[in-house]
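>>> Sequence isn't available, so here's the structure alone:
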């Protein structure tokens, strides 16, 4: 029973000595490679490679998230611009100045008296579109507010305007005073 399987095959004449030696060399190479790949240096290199690939995947996910967020902002801005352009009300060549606040600054918009009354009553809303101001109806302003409430500058409530007019009806207002 001391004979190995290789020795038995040699005695039977099924294989020759060269084939047995080649098989032994291949087996020895495989054992050496397995021992070499399991060294601490290669394990550390594998861990470093895994860590680097995980960091790269995290960066890629973050870049993709930022890209999607930017695309969403652009799409929202395009929707707002389209809403303003389709629902814009002409200011007219008025000489009546309507004052409103935009980013802690008082701005003025020259409109006709009828347009000014509509703004005060809440039928029209002033919207900032880039560096310019536009007048849109209240229904369009509500759609814009769903997308970005920061674009709306003046939203007057018609019930509050009527209450203010009734409250101050007994006081005389000078003809040249407008705000």
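Happy to help now that I have it. Computed from a prediction, not measured in an experiment: that's the story for all the values here.

>>> Where does the residue most central in space within the chain sit, in terms of helix or strand?
Using C-alpha atoms, centre = their mean, the residue of the chain that lies closest to the mean C-alpha position is residue 69, 1.3 Å off. Residue 69 belongs to helix 40-87 when elements are defined using DSSP states H and E.

>>> Against which helices or strands is that helix packed?
In terms of contacts (3 or more C-beta pairs under 8 Å, 6 or more residues apart in numbering; DSSP states H and E), helix 40-87 is packed against strand 124-129, strand 132-137, helix 138-147. To be clear about C-beta, it is placed using only N, CA and C from the backbone, and glycine gets the same treatment.

>>> let's see 6 Å
Counting contacts by 3 or more C-beta pairs under 6 Å, 6 or more residues apart in numbering; DSSP states H and E, the secondary-structure elements packed against helix 40-87 are strand 132-137, helix 138-147.

>>> Residue 11: which of these is closest?
With C-beta to C-beta, the closest approach to residue 11 among those belongs to helix 138-147: 89.0 Å.

>>> next SSE after the closest one?
Tracing the chain past helix 138-147, the next element assigned as helix or strand by DSSP H and E is strand 152-154.
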